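Asks: Below are the sequence and a predicted model; questions follow.
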Amino acid sequence: MSVSFKGLAAALLLGGSAMAMAANDGQMRANELLASDPQYRETWQHVVKKEERLPEWVMNLSGDSQQMNAVEEDGDKYLVGPLCETQATCRSQRLIVAFSFDKDEAYALWVQVPAGLPADKSPTRHADYRFLGKPDEGMQKLLMEQLEKDPNWY
């Protein structure tokens, strides 16, 4: 118990570094980001304001999500993780989100697969991919790699 207490105390003492520690431990979820820090909200609003026909769950980063991970791309660190409108619709509608550690940049890959696609049909062959935030080639590759880590994505 004293070890976890010391860890908690250290995190509290570090203040601003606590978010980076949580990010490294994968403790944040995409659906918590906008409520956790106004800078995340401002950066995401900048990404989606010029996009057309985005569903509300994408606009608000609301829905079902898993823990995010710290990932490096071209020397910069990003907090990256998946988001779905609901767990039930995750196979047909998902978003892979990436925020820079300084919260100044955000990118996403919105993947849509026809609902009701038979299980024997490969989702990769029927998917529509849409990048948000104008990611460069390296970031696009990072987002696609995150998607491909899903064992149900083939």
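Replies: Structure received.
Asks: how about the strands in the chain?
Replies: Taking DSSP state E to define them, one finds strands in the chain at 64-65, 69-73, 76-84, 93-100, 106-112, 128-132.
Asks: Could you export those strands to a markdown table, including columns for distance to Ser122?
Replies: For the C-beta atoms, the positions are set from N, CA and C on the backbone; glycine is no exception. What follows is the strands of the chain, written out as a markdown table (distance: least, CB to CB, whole Å):
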| stretch | distance to Ser122 |
| --- | --- |
| strand 64-65 | 23 |
| strand 69-73 | 25 |
| strand 76-84 | 19 |
| strand 93-100 | 15 |
| strand 106-112 | 13 |
| strand 128-132 | 14 |
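Asks: For Val48, find the nearest of these.
Replies: Val48 lies closest to strand 128-132 among those, at 6.7 Å (CB to CB).
Asks: tell me the angle the closest one makes with strand 93-100.
Replies: 30 degrees (axes from the mean of the first three to the mean of the last three CA atoms, to 10 degrees).
Asks: residue contacts, the nearest residue to Tyr40 once chain neighbours are set aside?
Replies: Once flanking residues are discounted, Tyr40 sits nearest to Leu33: 4.5 Å by CB to CB, 6 or more residues apart in numbering. Leu33 makes contact with 40, 44, 61, 79, 97, 99, according to CB atoms under 8 Å, 6 or more residues apart in numbering.
Asks: hmm, try it at 7 Å
Replies: Taking CB atoms under 7 Å, 6 or more residues apart in numbering, we find Leu33 in contact with 40, 61, 99.
Asks: Same question for Tyr129.
Replies: 109, 111 are the contacts of Tyr129 under CB under 7 Å, 6+ apart.
Asks: Tell me what it is bridged to.
Replies: Applying DSSP bridges to Tyr129 yields these beta-bridge partners: Val111.
Asks: I'd say Asn69 and Val80 touch.
Replies: Yes - between Asn69 and Val80 a contact is recorded at 5.8 Å, counting by CB atoms under 7 Å.
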